[in-house]
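In: Here's a sequence, model it:
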Amino acid sequence: MRCTDMPRFISYRASLTPRARRLRHDATIPERKLWHEFLRGRPEKFTRQKPLGFYIVDFYCASKRLAIEIDGDSHFDDSAERYDRRRTDALVRLGVQLIRFTNSDVLDNFEAVCRTIAQKLE
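Out: Got it, this is the predicted structure:
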């Protein structure tokens, strides 16, 4: 199914809303940096901590069906990597393209992260 064939709105489990709200309030330093210094000013509208299906993504652009994840240290053990693969597969089945960056990518290579996102938005 092509992205244009997908419904514009992706439903989500309503019970995720309070957690998404908390995550927006308790954003990590890399998430705040990416939001305040790049995504918030983009012409494409991004949402922070957006529930999609059974998951919450760090940033989401509905018009491009693009999700951006900023992964901290907790994402790099075997169990977390398996969970992330299942999560990515589920989001792709919903028609979402997902790109991931590490915290250090955002903090140490910010311009390259922004270029990568801008290219995906073209």
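In: can you pull out the strands in this structure?
Out: 47-52, 55-61, 66-71, 97-102 (DSSP state E).
In: ok, residues contacting the third one?
Out: The set of residues that contact strand 66-71 without belonging to it, under C-beta atoms under 8 Å, 6 or more residues apart in numbering, is 28, 30-31, 34, 39, 46, 50, 52, 57-61, 84, 91, 96-103, 106, 117, 120-121. (C-beta placed from N, C-alpha, C; glycine too.)
In: Alpha carbons of that strand, as CSV, please.
Out: Extracted C-alpha coordinates of strand 66-71, given in CSV (Å, rounded to 0.1, in the frame of the first residue of the first chain):
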residue,chain,number,x,y,z
LEU,A,66,7.6,10.7,9.3
ALA,A,67,8.5,9.7,12.9
ILE,A,68,11.7,10.7,14.5
GLU,A,69,13.1,8.8,17.5
ILE,A,70,15.9,10.0,19.8
ASP,A,71,17.4,7.0,21.5
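In: Neighbouring strands of it in the sheet, and parallel or not?
Out: Within its sheet, strand 66-71 is paired with strand 55-61 (antiparallel), strand 97-102 (parallel), according to DSSP bridges.
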